[in-house]
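K.L.:
whatever this is, show me its structure:
(one chain, ligands or ions: 1)
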Amino acid sequence: MIVRFVSSLFLCLLPFGVLAADAPVAIALHGGAGTIERDRMSAEIEAEYRTFLEDSISDGYRRLQAGEEGLDVVVAIIQRMEDSPLFNAGKGSVYTWDGQHELDASIMHGEQMDAGAVAGVTTIRSPIALARAVMEQSPHVMLASRGAEQFARELGIPEVSPAYFETERRKRTLESYKRRKQAGLDPNVDHKFGTVGVVVLDSQGNLVAGTSTGGMTGKRWGRIGDAPVIGAGTYADNRSCAVSATGHGEYFIRHTVARDICARMQLAGQSLQEAAEAVIMDELVVAGGDGGIVAVGASGEVSMVFNTPGMYRASVSGSGEKRIGIFGDEP
Ligand code: ASP
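P.N.:
Residues are numbered from 1 along each chain as shown. Below is the predicted model:
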C-alpha cells in the first residue's frame, strides 16, 4: 500500500520535473594535450593552470547542479578559457604561418543532434558563441571566415581587432616553429595542443559538447582543423556520449574520432572508457595521431583519455567524483 502510494507520487511528480534535482549531472573539460611534462614546467605555471582548471570545473558543476542548461554551461566555461591567454583558443590563439590568427569552434546538442560551427574567423572574440548562433539562428551548420564574420556583424555579436589575439608567448612559438621547419627539422616536436573543450550531462538528461581553438602553429592556406568538424573534434548524441577532442587535427578528421567513440558505444555496446581507449590509445597511436579527448556518457560517466605525455583536464562525474590533472601519471 505504502509502496503503491510512493510510486504513484513519484509518477505524479515526474512530469513537473520536481525530481530533476536528483538527476545526475556531469562535466569534463580540457585545455589541450601534448608534450606537457612535470620537469619542464615551473611550479608557478603549474599552479596557475591548476587554479584555472579548479575554478572552471567548479563553476561549471555548480551551474549544472543549479539546473542551468547544458548549452549555456558549455558556452560559459569555454568563454572563460577563450578569454585566458593560457590556452590556444580566443585570446591565446596560436599564430598562422603568415603571423595571423584564424579561429575555429563548434558546438553540438545531443537531443535533436543540432550543431553549429565556425572556421577561420579572425575578428571574433568568442568563436564558441558564434558557433552557437550558427546553430540557433541560421539554417546552416558551418560558416567560414568572412561569411561567418558578416553573420556575426548582422547579429551584433562583438568583434575585436585582430591585434587582440597578439601575445608574445605564441609569437615566440611561431618563430621557433619556422626556424625548425626551415632547418628541415620536425616543427611539431614538443607540440602542445592548447585547444579547449567542455562536455556536459545536464539535469534534463541532455549531452552537449563544445570545442574552441586557434588551430595549429604555422598553419597555412586557410587550413581548418578538427575542432569545427562535427564528428571529428566535437560530437554529442543523447543515446551515447558527448566528446571534445584536442590533438593533431588532421588525424582526428580522418578517423572521425568523436563520432567513432559515440558509435562504438551505441552500435558495438562498448563502455565509454572502452570506446575512448580503442580510438585514442589503439587506432590513433597506430596511425601516429597525437592527442586526447574528454567525454561524458548518458549515465554521467566520464572519460579523459590521451596518448600524449599530458593533457590539461578536469571533471566531475555523475557520482560527484572530481578529478583535476595535467600530467600523464595522475589518475
Ligand atoms: N585540434 C586542434 C587542431 O588541429 C589543435 C589543438 O588541439 O590544439 O586545430
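
K.L.:
which residues of the stretch 51-200 of the chain lie near the ligand?
P.N.:
When proximity is defined by Cβ under 6 Å from any ligand atom, the stretch 51-200 of the chain lies next to the ligand at 88, 193-195. Every C-beta, even on glycine, is put in place using the N, C-alpha and C of the backbone.

K.L.:
tell me which stretches of the stretch 201-331 of the chain form strands.
P.N.:
207-213, 234-236, 241-247, 291-297, 302-306, 310-316, 322-327 (DSSP state E, counting those that start in this stretch).

K.L.:
which residues touch the most centrally placed residue in the chain?
P.N.:
Geometric centre of the chain, nearest residue: Gly197, 1.5 Å, by Cα atoms, centre = their mean. Applying Cβ atoms under 8 Å, 6 or more residues apart in numbering, we find Gly197 in contact with 29-30, 78, 209-212, 227, 233-234, 244-246, 294.

K.L.:
just the buried ones from the residues you listed, in ChimeraX syntax?
P.N.:
One line in ChimeraX is enough to select the buried ones among the contacts of Gly197; burial here means 16 or more other Cβ atoms under 10 Å:
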select :29,30,78,209,210,211,212,227,233,234,244,245,246,294
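
K.L.:
and the contacts of Gly197, which is closest to Gln137?
P.N.:
Distance to Gln137, by Cβ to Cβ, is smallest for Gly210 among the contacts of Gly197, at 16.4 Å.

K.L.:
what bridges to that closest one?
P.N.:
Ile107, Val198 (DSSP bridges).

K.L.:
so what's the residue nearest to the centre of the chain closest to, chain neighbours aside?
P.N.:
Ser244 (2.7 Å; Cβ to Cβ, 6 or more residues apart in numbering).

K.L.:
what pLDDT does the model give the one you found?
P.N.:
pLDDT recorded at Ser244 is 98.

K.L.:
what's the answer for Phe10, then?
P.N.:
Per-residue pLDDT puts Phe10 at 40.

K.L.:
now Glu136
P.N.:
What the model reports as pLDDT for Glu136 is 98.

K.L.:
so it is in which element?
P.N.:
helix 127-137 (DSSP states H and E).

K.L.:
which residues sit against that helix?
P.N.:
71, 74-75, 78-79, 82, 89-90, 103-107, 109, 114-118, 121, 124, 140-143, 148, 151-152, 155, 157, 210, 212, 228.

K.L.:
can you flag the buried ones in those?
P.N.:
Taking 16+ other Cβ under 10 Å as the criterion, what is buried in those is 71, 74-75, 78-79, 82, 89-90, 103-107, 109, 114-118, 121, 124, 141-143, 148, 151-152, 157, 210, 212, 228.
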